[in-house]
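In: need coordinates for the following:
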Amino acid sequence: MDSLISFVTSPAILPWFILCAVVIFERFWFLPTRLDPMTFVRLLALRMAERVCPKPFVKTKSASQKTPKSQFWISGALAAFMIIVPNLIILLIFREFVYYPELFDAVILYLCIQFSSNIQRFQHIRRALIAGKKKLARNLLAPMVLRETAILSDVGVSKAAIESVILRFHYQALICFFLFIVFGPITTLAYRLCYELHIVWNTKIETYSEFGKPMAKLVMLFQWLPIRLNALLTVVISRGLKIFAYVRRYRPATSWNEGHGAIILRASHFALDTNLSGAVFYNKIKVRRTKYIGQGEPTALFMPNALAVINRLLFVNLLLLLLTCLIINSLTIYL
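Out: A predicted model of the protein is given here:
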């Protein structure tokens, strides 16, 4: 019994038990939007951008002068620094005085992986589509996506909801799992804050097309490895040996600079064998994206298949992260 307790509480294994406990707890008791601290972070990011984001043109006595891109980048980087770094330092110091640091880590992780509310909204969208309440489905979808939803058909709403819930699952959950096990809770919180700023200062929004680039680059750095690993894992758990056909067709090893959203949607399309991606409208401007062709367009009846892939990917991720902890524990003992 003593050996089992020492194994469970070992520094290399304990984070995995914390992760599992938090994942289960969050699935049944997630925070409503009004109580989610990340909502305050998004509001703070908007207020900060209003104050420090440069205007595209600066009026002088002679003419209007275009603001250089470097000024946008510097302003975006400094704004993010002022929001993120002081809070991380305070929490890092506070953690040193906490009597149960493991409980503190669990709370931090719980705040970072708030994802189950997206599943709940996804289910509401599906039920609205089945009931023929297209306008309600569009209104429910609107907070989940940046694209325009008023012009979407039933198939468009279904496809957008599937894409959104899959992307958010990777960005808000799986990457946080990976960072928590490998780097700890403070790094996980740093990523989550960067991700929230990136969402608010999205480079697809004209105002933040340059201002948001520092956060976009930093978030891409955090996501680079876990996104690629989970894209391959998505195909393996859904299509098995067809992973070899996927690799031959798309050559993911050569996609060093490819957008992470494209990588996830391509793997998800292959796993679900349905059409994903395609053209979208942002501020009434049509943006063409690569369309991944499957067996047909997803509908409301198809939407549970996306949740099935998410649940399988969650389970396999937890098992692989346990293996990672065991490897770390073995290296700690023998080195």
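In: could I get the full set of strands for the stretch 201-335 of the chain?
Out: 276-277, 280-282, 285-287, 291-292 (DSSP state E, counting those that start in this stretch).
In: how about low-confidence regions in this structure?
Out: 1-9, 56-66, 252-256, 333, 335 (pLDDT under 70).
In: ranges for the helices of it?
Out: 2-8, 14-28, 37-52, 69-96, 101-112, 116-130, 134-141, 154-168, 175-183, 185-200, 213-239, 243-250, 260-272, 303-334 (DSSP state H).
In: quick one: closest of the ones you listed to Gly296.
Out: Nearest to Gly296, of all those, is helix 154-168, at 9.4 Å by C-beta to C-beta. C-beta: built from backbone N, CA, C; applies to glycine.
In: what packs against that closest one?
Out: Other elements packing on helix 154-168 under the criterion 3 or more C-beta pairs under 8 Å, 6 or more residues apart in numbering; DSSP states H and E are helix 116-130, helix 134-141, helix 260-272, strand 276-277, helix 303-334.
In: repeat the analysis, applying 6 Å as the threshold.
Out: Using 3 or more C-beta pairs under 6 Å, 6 or more residues apart in numbering; DSSP states H and E as the contact criterion, the elements in contact with helix 154-168 are helix 116-130, helix 134-141, helix 260-272.
In: including mean neighbour count, could the helices of the chain go into a markdown table?
Out: Output for these, formatted as a markdown table (neighbours: other C-beta atoms under 10 Å):
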| stretch | mean neighbour count |
| --- | --- |
| helix 2-8 | 9 |
| helix 14-28 | 17 |
| helix 37-52 | 15 |
| helix 69-96 | 14 |
| helix 101-112 | 18 |
| helix 116-130 | 18 |
| helix 134-141 | 18 |
| helix 154-168 | 22 |
| helix 175-183 | 23 |
| helix 185-200 | 22 |
| helix 213-239 | 19 |
| helix 243-250 | 14 |
| helix 260-272 | 23 |
| helix 303-334 | 15 |
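In: now for those, which one comes closest to Val280?
Out: Closest to Val280 of these, according to C-beta to C-beta: helix 154-168, at 8.0 Å.
In: so how far is that closest one from its chain's centroid?
Out: Distance of helix 154-168 from the chain centroid (C-alpha atoms, centre = their mean, to the nearest Å) equals 14 Å.
In: can you list contacts of it?
Out: 118, 122, 125, 129, 137, 141, 144-145, 261, 264, 268, 297-300, 303, 306 (C-beta atoms under 6 Å, 6 or more residues apart in numbering).
In: skipping adjacent residues, who's closest to Pro54 in space?
Out: Nearest residue to Pro54, sequence neighbours excluded (C-beta to C-beta, 6 or more residues apart in numbering): Thr67, at 4.8 Å.
In: now Asn329
Out: In this structure, Asn329 finds its nearest non-sequential neighbour in Ala12, 3.7 Å apart by C-beta to C-beta, 6+ apart.
In: how much space between that neighbour and Ser268?
Out: 32 Å (C-beta to C-beta, to the nearest Å).
In: sorry, back to before: any chance of a markdown table for the strands of the stretch 201-335 of the chain, columns mean neighbour count and distance to Glu196?
Out: Converted to a markdown table, these look like this (neighbours: other C-beta atoms under 10 Å; distance: least, C-beta to C-beta, whole Å):
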| stretch | mean neighbour count | distance to Glu196 |
| --- | --- | --- |
| strand 276-277 | 22 | 24 |
| strand 280-282 | 16 | 20 |
| strand 285-287 | 10 | 23 |
| strand 291-292 | 16 | 28 |
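In: can you report phi and psi for the residue nearest to Glu206 when sequence neighbours are not counted?
Out: Spatial nearest neighbour of Glu206, excluding adjacent residues (C-beta to C-beta, 6+ apart): Asn283 at 7.1 Å. Asn283 has phi and psi values of phi 50, psi 50 when expressed as degrees, to the nearest 10.
In: do the same with Trp29
Out: phi -130, psi 70.
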